[in-house]
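Asker: Provided below are the primary sequence and the corresponding predicted coordinates.
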Amino acid sequence: MTLPADDFALPFAVEGAAARGRIVRLGAVAQRVIDGHGYRGDAARLSGEALAIVSLLGTSLKFDGTLTLQTRGSGRATMVAADYQTPGHVRSFVSVDADAEPDAPLLGEGSFALTIDPAEGANRYQGIVDLHGSLTEAALGYFEKSEQIPTKLRIFVGQVQVPGGEPQWRAGGIILQRVAGEGGIQPFDADDDDWRRFGAYLDTVGADELLDPTLAAEDLLYRLFNEDGVRVFAPQPIAFQCRCSAERVENILKSYTAEELADLKTDDGRIEAKCEFCGTIYPFDPAKLATAGEQA
Ligand SMILES: [Zn+2]
């Protein structure tokens, strides 16, 4: 049996109606990130959900740059961070308080920020919405408030048993957005019949469909929109890749106070900084860092 392609975003358009979207399927990428961090349970699911969100949104960027998701919350997950860098590089990092009460809310109340940093030019954009409920609900809040585009979003994260192997983490998502007609001439109504019908179709999408590695994304789209007809565009590959480097980490360390640097010292007097996204450890000579700090 040949499995459909994995780790990509597939853009699509529903024929005859002004709706467009993308499906994201993350297999090896989700497994690499979640397993690499040793995440389990809630941390694993949050990490996968964040990866799916930045993949769904990042693949719509029309320019080179980075899209970053970051939450701060009062719940057990004090921080969720994920980003997408063109073309198709994702990573995520989740901080779950191991000492928190197990029945405390997962994300709690706080903020959900999406930041878009174009590689060229200075017009950085950041939208911040309240965090309450899930990451997916916060992302929908962002579309409502910042972009004012009627949007439907479904995301699932879970472990899928592969024949003869360990269960593998997978994340899948589908986004559908109402867009004005070609050339922006045709006005649209968020409450029109087509849009309500598409929303009902999306509500039927289940974890079994979005996470099933044997169900091709095209087949799922056909299941959903065969009455209207659906057109798919070239898939965009997604890969795990960290953006860290010794230079970047050194620049961060240069802004630390002497006390903060002392906390990073190993028993043999070296400073080791670990990238939270990929686990790479960068050793530094404290004397050189101190000199750099004094020169600044
Ligand atoms: Zn890294």
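Answerer: Thanks, I have it. Residues are numbered from 1 along each chain as shown.

Asker: The ion contacts on the stretch 101-250 of the chain?
Answerer: Residues of the stretch 101-250 of the chain found near the ion (CB under 5 Å from the ion) are Cys242, Cys244. C-beta here means a position set from N, CA and C on the backbone, and glycine is covered the same way.

Asker: which residues of the stretch 101-250 of the chain fall in helices?
Answerer: Taking DSSP state H, counting those that start in this stretch as the test, the helices found in the stretch 101-250 of the chain are 135-142, 193-203, 207-211, 217-225, 246-253.

Asker: now the ones you listed as a markdown table including distance to Ile174 and mean neighbour count?
Answerer: Output for the helices of the stretch 101-250 of the chain, formatted as a markdown table (distance: least, CB to CB, whole Å; neighbours: other CB atoms under 10 Å):
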| stretch | distance to Ile174 | mean neighbour count |
| --- | --- | --- |
| helix 135-142 | 11 | 20 |
| helix 193-203 | 7 | 15 |
| helix 207-211 | 7 | 18 |
| helix 217-225 | 8 | 18 |
| helix 246-253 | 34 | 13 |
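
Asker: Return the member of the ones you listed having the minimum mean pLDDT.
Answerer: Between those, the one with the least mean pLDDT is helix 246-253; it has a mean of 86.

Asker: Please compute how far that one lies from its chain's middle.
Answerer: Its chain's average C-alpha position is 24 Å from that of helix 246-253, according to CA atoms, centre = their mean, to the nearest Å.

Asker: Contacts for it next, please.
Answerer: Leu261, Leu264, Ile271, Ala273, Cys275, Tyr282, Phe284, Leu289, Ala292 (CB atoms under 8 Å, 6 or more residues apart in numbering).

Asker: Just the buried ones out of those, please.
Answerer: Using 16 or more other CB atoms under 10 Å as the burial test, these include Leu261, Leu264, Ile271, Ala273, Cys275, Tyr282, Phe284, Leu289 as buried.

Asker: which residues in the stretch 101-250 of the chain form strands?
Answerer: 110-118, 125-131, 151-160, 168-178, 230-232, 236-237, 239-240 (DSSP state E, counting those that start in this stretch).
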